[in-house]
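>>> what follows is a predicted structure for the sequence shown.
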Amino acid sequence: MKEKTKKILGVCLVVMLVAALAGAYFIFGEKPVEGSKEVIIEVVDSNGKATEYQVKTDAEYLHGAMDDADGLTYEGGEGPYGYTISAINGETAVYETNGAYWSFYVNDEYCNYGIDSQPVNDGDEFSIVYTPAK
C-alpha cells in the first residue's frame, strides 16, 4: 500500500510541476503587442547582399509582418513545426536539396519561435539570412 501511495504522490508532483512551468510560460513568456508597429526586416542572400525593408504593420507575429513588407517575396508551406520558408526573393534554401536554410534573427538574437509564433514588437529588427550547412 505504501509503495502505491508513493507512486501516486510522485505522479501528482510531476503533474503539478508541469502545470507550474506552463503557467510561468504563459505569465512571463514573450507576448505579441497589438497595434501599429514599425520594424525592420533585413534579408541577406547567398552572396551576402543585404536588402532592408522598413515595415509598418499591425501584425502580431513575424509571418504577418513579412506579408506587409513591400517587395519582399517568399515561398514555403506548413510543416511539422509550423510554416517553413523555402525561398525568399526567388532564392531557394532547402537543406535536403542544396544544403542551405534560412536563419531567422530578432534584435541580433536567434529566433526561438517559428514565423507564425515569433512576436513582433515596435522597433524590432529581424534578419533572415541564407545559411549554408557546414
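Great, that's in hand.
>>> how's the protein carved up into domains?
Following automatic domain parsing, the chain resolves into domains at 1-30, 37-132.
>>> average pLDDT across the shortest one?
Per-residue pLDDT values over domain 1-30 give a mean of 70.
>>> and the domains of the chain as CSV, adding mean neighbour count?
(Glycine included, C-beta is placed from N, CA and C.) Putting the domains of the chain into CSV (neighbours: other CB atoms under 10 Å) gives the following:
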stretch, mean neighbour count
domain 1-30, 9
domain 37-132, 15
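>>> could you pull out the helices in the chain for me?
2-28, 62-68, 95-98 (DSSP state H).
>>> could I get those as a markdown table with distance to Lys134?
A markdown table is the format used below for those (distance: least, CB to CB, whole Å):
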| stretch | distance to Lys134 |
| --- | --- |
| helix 2-28 | 32 |
| helix 62-68 | 25 |
| helix 95-98 | 12 |
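>>> nearest to Asp108, of the ones you listed?
Shortest distance between Asp108 and those, using CB to CB, is found for helix 62-68: 15.2 Å.
>>> per-residue confidence averaged over the closest one?
pLDDT averaged over helix 62-68 gives 97.
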